[in-house]
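Enquirer: Need the 3D shape of this:
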Amino acid sequence: MSPKCITTPIVWIGLSISALVVSQNSYSAPLSQTALSESEKAAAEKAAEAAKDAAETQKTADSKAAEVAKASAEKAAEAAKVAAEAKKVADAKAAEMAKAAEDEKVAAQAKEVAKAAAEKGAEQKAEAEKAESAEKEKKDGSKPESAARPYDLDIVSPVQLAGSDEASKVFQKEVLPGILKSFSSNDDESSKENEAKDRGTTYLDPSELILGSDREIRAYFVSSKSSKFSNALGFSTTGGSPLSEDAALIFPDASRSNSDERSERDDKSSLRPGDFVNLGKFADLTKLDFFLIANGAEEGEDFYSTEKGSNYDGIMHAMVKSVDGSPYLLIGFSDGEKGNKRYNQLIFALDIGMDQLKTFKGLGAPEPSLATGSIIAAIALINRRRRR
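Expert: So this is what the prediction gives:
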């Protein structure tokens, strides 16, 4: 075989190998490009997915923030509404309080006006009574009150003339005549029998005259049977003697006898039956103690009280009685004269009211005496006159 023939196949083989190499190189380039494109695509997809997730997260956050903002706005609106309601209530309350304060102020002013009017009326009444009393004194030619002041005590109020106002006119006309008649006709031993026969009479404990309600009290002079003493009468609410803190005189000289009711007033004693003194207004549970100063108008100093413990001899020198249906309390004193056991040395009546009398404590009857019978008969006569 010739060398030419050998060379040709070798060339062909070489060309074939070259073509194969070229062909392989041409095929490898697209494969690399395809692999790179898939990676980028995957990365792009992941990036897109991440962006989507981020967008969803942002959307959720925005939605949550919007909800929170809405809730906050609603709460703020509710709070504002509550605050407005609270302010409205507060304003209404303030207006109500202001009105109440104004009403209270008006009521207080009205109360002050009423009080001033009442005080003015009381002053005018007192002035009228004083003028009437002065006019009556002028007619009688003397004053009803002694200038005596035993123990340097003041009088609780001036003595007023019998019949000088409506209440005293009633006492003077309907009550006093029966009492005076009784004392004139029963001042003897038969009074003991009258006492035993009397019904509806209650003996009261002189040391337990305690008021059961607020009360205005008036004392009427009835009689004095002392043979030689010019006795003085007083009272206290803090003790049973003229030495008590609030002791005051009622009748500085109570020595007038009931036998001279129609006689003219004289220099020795201008007091007459039915003359009276307003003791004042006393509160519930006030304890009243009365005392007689023996010959007090003539500087006497011995005294006898409704509070037995205040008496130097430890003996009760007072008697207190009431009768069913009568608003008057009769109190009789003994002035301590030797051998005298009567309670008619000084007798006076308290206009105290029937409801009040029921609250006083009763007491067993003391030793009968001429005066006790007289007082019982007097009250019995009062009741008989009232029944008519």
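
Enquirer: all helices of the stretch 101-250 of the chain, in order?
Expert: 166-170, 176-185, 190-197 (DSSP state H, counting those that start in this stretch).

Enquirer: what does the stretch 251-388 of the chain give?
Expert: With helices called from DSSP H, counting those that start in this stretch, the stretch 251-388 of the chain shows them at 354-357, 370-387.

Enquirer: And those, which one averages the lowest pLDDT?
Expert: Mean pLDDT values for the helices of the stretch 251-388 of the chain show the minimum at helix 370-387, a mean of 45.

Enquirer: Name the residues of the longest strand seen in the chain that are buried.
Expert: Longest strand in the chain by number of residues, with DSSP state E as the criterion: strand 215-223. For strand 215-223, a neighbour-count test (16 or more other CB atoms under 10 Å) marks 215, 217-223 as buried. (C-beta placed from N, C-alpha, C; glycine too.)

Enquirer: between these, which is closest to residue 270?
Expert: The nearest member of those to residue 270, counting by CB to CB, is residue 221 at 11.1 Å.

Enquirer: so the closest one sits right up against residue 270, yeah?
Expert: No. If you go by CB atoms under 8 Å, residue 221 and residue 270 don't touch, sitting 11.1 Å apart.

Enquirer: list the contacts for residue 303?
Expert: 241-242, 291-294, 296, 310-311 (CB atoms under 8 Å, 6 or more residues apart in numbering).

Enquirer: change it to 6 Å
Expert: Applying CB atoms under 6 Å, 6 or more residues apart in numbering, we find residue 303 in contact with 242, 291, 293.

Enquirer: Any idea how far apart the tips of stretch 146-163 sit?
Expert: In stretch 146-163, first residue to last residue: 19 Å (CA to CA, to the nearest Å).

Enquirer: same check, this time on stretch 323-334
Expert: 21 Å.

Enquirer: Which residues belonging to it are considered buried?
Expert: Going by neighbour count (16+ other CB under 10 Å), the buried part of stretch 323-334 is 323, 326-334.

Enquirer: As JSON lines, the residues you listed with pLDDT and distance to residue 62 would be great.
Expert: Below are these laid out as JSON lines (pLDDT from 0 to 100; distance: CB to CB, whole Å):
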{"residue": "323", "pLDDT": "73", "distance to residue 62": "104"}
{"residue": "326", "pLDDT": "82", "distance to residue 62": "101"}
{"residue": "327", "pLDDT": "88", "distance to residue 62": "97"}
{"residue": "328", "pLDDT": "90", "distance to residue 62": "101"}
{"residue": "329", "pLDDT": "90", "distance to residue 62": "99"}
{"residue": "330", "pLDDT": "90", "distance to residue 62": "105"}
{"residue": "331", "pLDDT": "93", "distance to residue 62": "103"}
{"residue": "332", "pLDDT": "91", "distance to residue 62": "109"}
{"residue": "333", "pLDDT": "92", "distance to residue 62": "108"}
{"residue": "334", "pLDDT": "88", "distance to residue 62": "113"}
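
Enquirer: Out of those residues, which comes closest to residue 122?
Expert: Among the buried residues of stretch 323-334, residue 327 lies closest to residue 122 (CB to CB), at 22.6 Å.
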